[in-house]
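[1] Below are the sequence and a predicted model for it; my questions follow.
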Amino acid sequence: MSAYFVTATGTDIGKTFVTAGLVRHLRAQGKTVRALKPIISGIDDLAASDTGALLAALGEPVTQAAVARLSPWRFREPLSPDMAAAREGRTIPFDDLVNFCRDAIGGDTLFIEGVGGILVPLDDRRTVRDWARALGLPLIVVAGSYLGTISHTLTALEAMGGLEIAALVLNESETSPVKLAETAATLARFAPAIPIVPLPRDAGPQDFAVLARTLI
Ligand SMILES: Nc1ncnc2c1ncn2[C@@H]1O[C@H](COP(=O)(O)OP(=O)(O)OP(=O)(O)O)[C@@H](O)[C@H]1O
Ligand SMILES: [Mg+2]
């Protein structure tokens, strides 16, 4: 395993849940793992934040300094990064963002959690896709199983054309109209080249072990 960029079909789909689960699983295997959430918006309660969840999975205390180390670009408002930054009279320096991530790549397994979905704006002209392209890392794409996910997922995969996809994680939503396996089978017919890993609700160590094996 090396470095992965974790993205999704949208916000609140399960990027942090999947990243934290992988981190916990790999640590339990005795592996050294790192995780970053370079941009975070809507940060008031550190422990409840994505960065806090990643630090907990890493077994590190959730301190201001640790959050700042994993997440150099932090914004108060829970909005897309361009808007959250603008509310504070700031912009996200794209080159610095890319260099921060590049500097972290190498050695241990590394997960970089993006923000929202693949076409979320970072500034006036760049989106998460530009960030992912600049890094050139294989993607872990998280999708849900809710009604409507098939079109959302296939649309997102089209937008990711040209980027390497290590795994599409079909992360079970709170409510699903059909069984996870049925949605996975349909997606597999339309995206036959992509490894699809179904991840049940409240996935446990065994489920993350399967996902980790897909990534190796
Ligand atoms: N498989 C699952 N089983 C149980 N709860 C889950 C599962 N996947 C996600 N959740 C919960 O759903 C919520 C949203 O997930 P998560 O925070 O991982 O999404 P995200 O894609 O990282 O969101 P954001 O775009 O804000 O970063 C969280 O409360 C998380 O714990
Ligand atoms: Mg998250």
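    In hand now; what should we look at? Numbers count the residues shown, from 1 in each chain. Ligands and ions are numbered 1, 2, ... in the order given.

[2] next helix or strand past the lengthiest helix in the chain?
    In the chain, taking DSSP state H as the definition, the longest helix is helix 15-28. Following helix 15-28 in sequence order, the next helix or strand is strand 33-36 (DSSP states H and E).

[3] ok, back up a step: now the longest helix of the chain: buried residues?
    By neighbour count on 16 or more other CB atoms under 10 Å, the buried set for helix 15-28 is Lys15, Thr16, Phe17, Val18, Thr19, Ala20, Gly21, Leu22, Val23, Arg24, His25, Leu26. The way it works is simple: take the backbone N, C-alpha and C, and place the C-beta from them, glycine included.

[4] and it, is it in reach of ligand 1?
    Yes. Applying CB under 6 Å from any ligand atom, one finds that helix 15-28 is in contact with ligand 1 at Lys15, Thr16, Phe17.

[5] and that helix, what does it pack onto?
    If you count contacts as 3 or more CB pairs under 8 Å, 6 or more residues apart in numbering; DSSP states H and E, helix 15-28 packs onto strand 3-8, strand 33-36, helix 50-58, strand 109-113, strand 139-143, strand 165-171, helix 205-215.

[6] and of these, who's closest to ligand 2?
    helix 50-58 (3.9 Å; CB to the ion).

[7] and the helix or strand that comes right after that closest one, does that touch ligand 1?
    Moving toward the C-terminus from helix 50-58, the next helix or strand (DSSP H and E) is helix 64-70. No. With CB under 6 Å from any ligand atom as the measure, helix 64-70 is seen stopping short of ligand 1, the closest distance being 13.2 Å.

[8] who does helix 64-70 touch, helix- and strand-wise?
    Partner elements for helix 64-70 (3+ CB pairs under 8 Å, 6+ apart): helix 50-58.

[9] State the number of residues packed around the nearest residue to Ala159 once chain neighbours are set aside.
    Spatial nearest neighbour of Ala159, excluding adjacent residues (CB to CB, 6 or more residues apart in numbering): Ile118 at 5.3 Å. Residues within reach of Ile118, counting by other CB atoms under 10 Å, total 24.

[10] rewinding a little: what's the longest helix of the chain in contact with?
    1, 6-8, 33, 35, 37, 50, 53-54, 56-59, 109, 111, 113-114, 140, 142, 169, 171, 199, 203, 205, 207-209, 211-212, 215 (CB atoms under 8 Å, 6 or more residues apart in numbering).

[11] That'll do, ta.
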